[in-house]
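Engineer: sequence unknown, structure follows:
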């Protein structure tokens, strides 16, 4: 759960403010830190990073005043490495041979093995990010041309990576051979962009060129785009289904599919798979269940109402978890409209159940406000396995659906009924071949070749 | 556009954290500053204020640790007085005769006359708020019992005021004789609350007792609630219709009406008044037009889609208005989903048009993304007059609908059609008698007795 | 213990940066807060205040960019009123009749009586400073010309005040009839300055005109200086002797005497009054005893050494009073040079003993470093009484010399001998007539007419 | 110009607050940043760093609450590397083989060659400090015992280094074979300290054990102190003479000499070398010339006066260099007492002349205040060469004495006479053999073996 963005202007226009704006559009992918790196006209690499939301971490006016035609940025939601500023990205390295900066979305699964290998050869790791391994792999091939050293380094990686990179004075985009995380190219005037999601291209006024393909490295310079294959045997794709279910913004496109449409299709599938004909109305858990709830209403014929109001400021203002706040629970964020649900049979749609706490508290509050029945419908299969590729899920012990079957969970959360879609429904709604979709968090089917302990350069 | 909240615990429980949480639920009523005042067990008044959102202006943990059974709070959206911290509320005054703290929502229209009168008698005004006049009116009646001095002071006021007050060790709620702004009472265990909106009572887990009546002062102490009339001849009510149209939270109740239901009824009226039978879909301008758009869809039979995505972080993060940002315009906040609107005839519903800029830019962007037609529907009458009672509207010159008729405005914003509801539709949707509703911003019919220049104590 | 500074440019030059620099030179008179007020060309009063040292409380570059020819400033060491920002000065009041800003050094002794009188007439006090009483006294004479109202207000005051005032668009300087605190006038080019001490005139490059006389009000405008007497019967002066002993900067002039020279004369008197012929060297307690120690060395013929080094950063950096820091005590600030004092008989000179703690700990440390004998000499009489005129002394119970005679105190602090000068020595060294010097903190002889409880305007 | 401090408690006491206090006593050695590193009971290395003075960069109470028996700290005055936080020390490196933290005072002269060597072998340098080279030299010997790798790394260094190091769970002190910078050991109860200067040992209440010898590594653990020689041929010492002249605190001891006594001896030599029999008084440039001025007065028989007052807050408060401030020049900091110097012949003593600007402006101000003659005396030889070992001197072109002879400089600064001591006087006053003292900044005689470009591990 991170976001990357990069821009290269062929005619020397300044691009750093666009990178700032791109990160702003990707803010939902990470709120813990934000950073940018750029190369100035004399080839010197600079970076600025800070903690918190983009506007707190970085200074827009300062960035707008900096002259650079090649820049990248990153928003971070800590997965590997903890949340300290030393782990904020882009990571940079400068030597007599040139400069490199890397922004990384995704998680490597063989980072530990690479780190051991490199420390035995004198490397000093400064951060606890797996991304730093890429920098050291490059540095340990000092006599190769730098682009070759970079691509060779990628060949050693297993796991998920969508990268925006500055290599000397070029912008480079790279996506892992499994295509696990999104990465898309755009353009406007003479500027080429790379972004985790297409919504950031929209914000800067760019149109989509195409998505970076799994296993592809794109080098962007004054002469245009140049594509290199990471020559790893690509057996099948492995596009993250959870990006569709929850993570990506609804207006983004991933593997040719608009996320909003997939989410609405998930709601329609849910209405077919688990109807609730006697209900009076359908509502969504704000904001994650809203679109699927609209799809559910469409197929079921039940009226859709925004019967639960979300405090617009939740997420903006941090509420301390005092005893009083814990007692109030989900009320701090969400408030059902009493007159809409009193004496009604309510269907509430959400995208997933992780620990089950929010669901349980919402059901209790709806019943407390006078609802006759509460039926919970989930627009994805039960989440039973942790993600190793960059989504921050809890351990198996904490996953409600890993500890209980659906019936037990229904009782636990206090629903009058609880139902999910199946894995097949999910694949159908996404509309990609089943072999190209990663459903590891639902099925436990992880990538092959993980957790390799040995390596040789 | 401010919010007030107060709490009094009969059994000595600490209430300041609840005031903080109440302000958090009222955050949409004012983001410029926030403050609290409380009286400790020795009768000493204290206050804390700061600029920005509640969580930046105040420290929740500090407040949670303070022992007081009587406290009030305020969120401010500057109307009179400018945005400096010296104008932040609650205002407090301490003398040998006791302490008073006032939090005020609304605007007085005879404040200038009162100020002149008092300065001629030695008063020194510290802030530029009209609220301070109330404190000085009280101080200039030093030999009366203090509650009498307070009520007598209110008798001299013309305009809108919903007040939460600490007077010595009692909590006092007061609402102007016109009932212009909302004010509602709630309770939980042995705590009595007063709040601008019911949504804040929900958040702290309180149930509604009733709304404070126009022209009523409620004194709350260990013995319970005691009601006093402000003995001014109350000819008719004057409840703000714009609270329903835009300002209040949808889950709040004002004069017995749930705002969500009124807003949806406005959308239904709009579909009857201005249908658009050939359109392919209805969408709302996020978030202000969403509920009315759903009402429009219901009556028209057109599908409702969330075809415009709002950046969740807008409002949380300040974007500097650089040239680049001005060029990008409304894209910074709002992004249509191209696949939903391409080659479609789109109805877009909004609550009102003030300057017209956002509307114009949104239409341009929707057309740019390939829509065939864009039909704009507004769920209130044209805003043609400024508000003097606490809503921050621009001058007449800046109000688009004051300068142009609807046809001219339609051309100006670039819509294929533009339509509003009428004043009668508005009154019908609210469901109150026409004589009890303030429609001054639509009609120019202001309260009687305004702008009094003379007064005598 | 506060400092005031003001500037008026006859030819319209900007003076606010000079006020900033003047406050910087007066920083030793108060570190708790700093503020400035100025009047712009349209007659509007503005002020900026903050807590801490001048450079933290105020922004020099911001002030340098403001266009005003009439400004005042204040540094505050809280005496009356506590250290909150609401008590920071200058205090300002604006009404339809004009604006006034006041910066005050000194303490009023009848402030409480005035406050009661005014509250009975409707005044609301916003700060806890006695200075605010002056503003309200003026406001309660609304029909008099404002300068008359100001001078009449001063006539009601008892106690110490040196004031820099902006009254409408003039700069006004005023000093109480007892002349208790310093106040001096300077000029440079076409700018007139008023300052608590002459050292601030030196810093801004101004030359001294003369000191403001006791009981004099000076009005400064385009036409020059105009003097008014506060028509109170001035029986005798009452110049603070502690300004000479400790408080003022050594390069300042007060009542025609350079403080450095008085301080050295005090040391010479001390050597005559309390010689120590067998000692090996004389040193001063840094920095308060340094100059007197040089005078002592001169008369006694003993070598003067800077045998105790003061950490240059003490006062700049706040050290938390943890247990470890309390155990280390005076070492945090002061360090004797072991090789200078080992096996020596040391005379250490200080300006006064207040609680006695620092003295005791320093003697212990010097002996710990190997000194054979430590003889303490104090360059003022024993401090036995609290000051009510603006010096922040502890209560009588905390004053070491109020609880013990000199012999007891000698034993208490662990000195081999302890001696003071007499009141006559003090008067002689200052060189003013005895009847014109305030020695209240040494003798308990306070001003007449204090603590008046009644007043009539 | 940096300071290092370290502490190790044999019995497990917490030492981090003492490191904070030690840095506080060494604040004069660096004000740009401060940092600490410590190892916790599970062997994990932590560090905290910040910009500005110690109390701003670090949080004393936080440090006091941390449990560690082995910690180091650093105050930085940027020499190599610029002032960014990434260059703040201590530098740390953690790998599977353990952790190391280094605090460094001094400058390496072969750092660039080492860096090139290491980058060719895959090293990524994160900071621009020469200190980081030591960490990489260690990491590139991964198969040696770590203490051996550390000592071997030191053998490759040329230049000045006094180091406080945490190596795994031991405290290590090391001083370069030339003994260029000071480093001293102390103890208190069961705690061993290492410090740049003895004044910091005094502050924490420790007594001196001895100075670390040139070319010595001291390993401190539960078993006590263990000494290792850096087996480099040590031909002669090279103790920095400028530490005595200006840099070290007067109460510190360096090579057995108290700095205060050396400074006073320099003043006595100056009176012999360059008397001024007709003068009326001697004063020192505060604070750098004060002690030498006292020595001059003692030999010359002239009276010593503190005739120039230094604003106590200079250095604490940053004054923006606006045009007005540049015009006022040295007045901002220093103010002569007019009554002391008017119509007098004044000798003013300073420690050195670097650019000559301050000296010139002070002479002008003293003459402006009415002095008849001003004679400048400098207590060191003319500074004609830059320092490469850690003192931040300007380039040769900027050094006044490198561009002019003494007569020209006398005219330039406007003195009635100007005189220096000789190199022999300097050596005599210090009292060490001439071959053991570094006088490179006066003579240009640098260490042998500098600027080595090649190296082999």
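Structural biologist: Yep, that arrived. Remember, predicted model here, so these are calculated numbers, not experimental data.

Engineer: mind listing what's buried along the helix or strand bottoming out on mean pLDDT in chain A?
Structural biologist: When each helix and strand of chain A is scored by mean pLDDT, DSSP states H and E, helix A:323-328 comes last, with a mean of 88. For helix A:323-328, burial by neighbour count (16 or more other CB atoms under 10 Å in any protein chain shown) applies to A:324, A:325, A:328. (Each C-beta comes from the backbone N, C-alpha and C, glycine too.)

Engineer: cool, stretch A:27-42 as well?
Structural biologist: Buried residues in stretch A:27-42 (16+ other CB under 10 Å): A:27-39.

Engineer: show me the two of the residues you listed that sit farthest apart.
Structural biologist: A:28 and A:39 (28.0 Å; CB to CB).

Engineer: so what's the residue lying farthest from the centre of chain A scoring on pLDDT?
Structural biologist: In chain A, residue A:343 marks the outermost C-alpha relative to the chain mean, sitting 39.3 Å out by CA atoms, centre = their mean. With respect to pLDDT, residue A:343 has a value of 97.

Engineer: assign it to helix, strand or coil.
Structural biologist: Look at residue A:343: counting by DSSP: H, G, I helix; E, B strand; the rest coil, its state is coil.

Engineer: likewise for the one 4 residues further on?
Structural biologist: On the three-state scheme (three-state DSSP), residue A:347 is labelled strand.

Engineer: that one and chain D: what is the separation?
Structural biologist: 51 Å (CB to the nearest CB, to the nearest Å).

Engineer: that residue contacts residue A:277, correct?
Structural biologist: No - assessed by CB atoms under 8 Å, residue A:347 is found out of contact with residue A:277, at 10.3 Å.

Engineer: which of the two has more neighbours?
Structural biologist: A direct count of neighbours by other CB atoms under 10 Å in any protein chain shown for residue A:347 and residue A:277 places residue A:347 higher, at 29 against 7.

Engineer: residues touching the most centrally placed residue in chain A, list them.
Structural biologist: The residue lying closest to the centre of chain A (CA atoms, centre = their mean) is residue A:1, at 3.8 Å. Contact analysis of residue A:1 by CB atoms under 8 Å, 6 or more residues apart in numbering or on different chains lists A:29, A:30, A:77, A:79, A:247, A:390, A:391, A:392.

Engineer: so residue A:147 lies in a strand, does it not?
Structural biologist: No - per three-state DSSP, residue A:147 lies outside any strand segment and is helix.

Engineer: the residue farthest from the centre of chain A and residue B:257: what is the separation?
Structural biologist: From residue A:343 over to residue B:257 the distance is 19 Å, taken as CB to CB, to the nearest Å.

Engineer: kindly report the same for residue A:128.
Structural biologist: 55 Å.

Engineer: the more surrounded of these two?
Structural biologist: More crowded of residue A:128 and residue B:257, by other CB under 10 Å: residue B:257, with 19 against 16.

Engineer: looks like that one contacts residue B:427 (just checking).
Structural biologist: No - using CB under 8 Å as the test, residue B:257 is too far from residue B:427 to be in contact (12.0 Å).

Engineer: please enumerate the helices of the stretch 101-250 of chain A.
Structural biologist: A:111-119, A:132-139, A:146-155, A:198-203, A:241-242 (DSSP state H, counting those that start in this stretch).

Engineer: picking that back up, just the ones in strands from the buried residues of stretch A:27-42, please.
Structural biologist: A:33, A:34, A:35, A:36, A:37, A:38, A:39 (DSSP state E).

Engineer: what residues are up against the closest residue to chain C within the stretch 51-200 of chain A?
Structural biologist: Closest contact between the stretch 51-200 of chain A and chain C, by CB to the nearest CB, is at residue A:61 (17.2 Å). Contact analysis of residue A:61 by CB under 8 Å, 6+ apart lists B:320, B:322.

Engineer: now whichever strand or helix holds it: buried residues?
Structural biologist: Element membership for residue A:61, per DSSP states H and E: helix A:60-64. Within helix A:60-64, the residues scored as buried using 16+ other CB under 10 Å are A:60, A:63, A:64.

Engineer: now, which of these sits nearest residue B:201?
Structural biologist: residue A:60 (38.8 Å).

Engineer: any regions of the stretch 1-150 of chain A where pLDDT drops low?
Structural biologist: For the stretch 1-150 of chain A, applying pLDDT under 70 flags the ranges A:78-83.

Engineer: and the residue of it closest to chain B?
Structural biologist: For the stretch 1-150 of chain A, CB to the nearest CB, closest residue to chain B: residue A:55, 3.6 Å.

Engineer: so which residues of the stretch 351-457 of chain A form strands?
Structural biologist: A:373-378, A:417-420, A:437-438 (DSSP state E, counting those that start in this stretch).

Engineer: nearest to residue A:404, out of those strands?
Structural biologist: Nearest of the strands of the stretch 351-457 of chain A (CB to CB): strand A:417-420, 10.5 Å.

Engineer: so how far is that closest one from its chain's centroid?
Structural biologist: 26 Å (CA atoms, centre = their mean, to the nearest Å).

Engineer: so what secondary structure elements neighbour it?
Structural biologist: Contact analysis of strand A:417-420 by 3 or more CB pairs under 8 Å, 6 or more residues apart in numbering or on different chains; DSSP states H and E lists helix A:259-273, strand A:373-378, helix A:406-413 as its packing neighbours.

Engineer: closest one to chain C among those?
Structural biologist: That would be helix A:259-273 among the helices and strands packed on strand A:417-420, by CB to the nearest CB, at 47.4 Å.

Engineer: check contacts around the residue nearest to residue A:147 when sequence neighbours are not counted.
Structural biologist: Leaving aside its sequence neighbours, residue A:147 sits nearest to residue A:167 (CB to CB, 6 or more residues apart in numbering or on different chains; 6.3 Å). Contacts for residue A:167 (CB under 8 Å, 6+ apart) come out as A:98, A:100, A:146, A:147, A:150, A:219.

Engineer: out of these, which is nearest to residue B:183?
Structural biologist: Nearest to residue B:183 among those, with distances taken as CB to CB, is residue A:100, at 61.4 Å.

Engineer: all strands of the stretch 101-250 of chain A, in order?
Structural biologist: Using DSSP E, counting those that start in this stretch, strands in the stretch 101-250 of chain A cover A:162-167, A:170-175, A:184-188, A:191-195, A:207-211, A:216-221, A:224-229, A:239-240.

Engineer: can I get those in CSV with mean pLDDT?
Structural biologist: Shown next, in CSV, are those (pLDDT from 0 to 100):
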stretch, mean pLDDT
strand A:162-167, 98
strand A:170-175, 97
strand A:184-188, 98
strand A:191-195, 98
strand A:207-211, 96
strand A:216-221, 97
strand A:224-229, 95
strand A:239-240, 95
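
Engineer: any chance of those in JSON lines, plus distance to residue A:252?
Structural biologist: Shown next, in JSON lines, are the strands of the stretch 101-250 of chain A (distance: least, CB to CB, whole Å):
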{"stretch": "strand A:162-167", "distance to residue A:252": "13"}
{"stretch": "strand A:170-175", "distance to residue A:252": "15"}
{"stretch": "strand A:184-188", "distance to residue A:252": "8"}
{"stretch": "strand A:191-195", "distance to residue A:252": "9"}
{"stretch": "strand A:207-211", "distance to residue A:252": "10"}
{"stretch": "strand A:216-221", "distance to residue A:252": "19"}
{"stretch": "strand A:224-229", "distance to residue A:252": "21"}
{"stretch": "strand A:239-240", "distance to residue A:252": "13"}
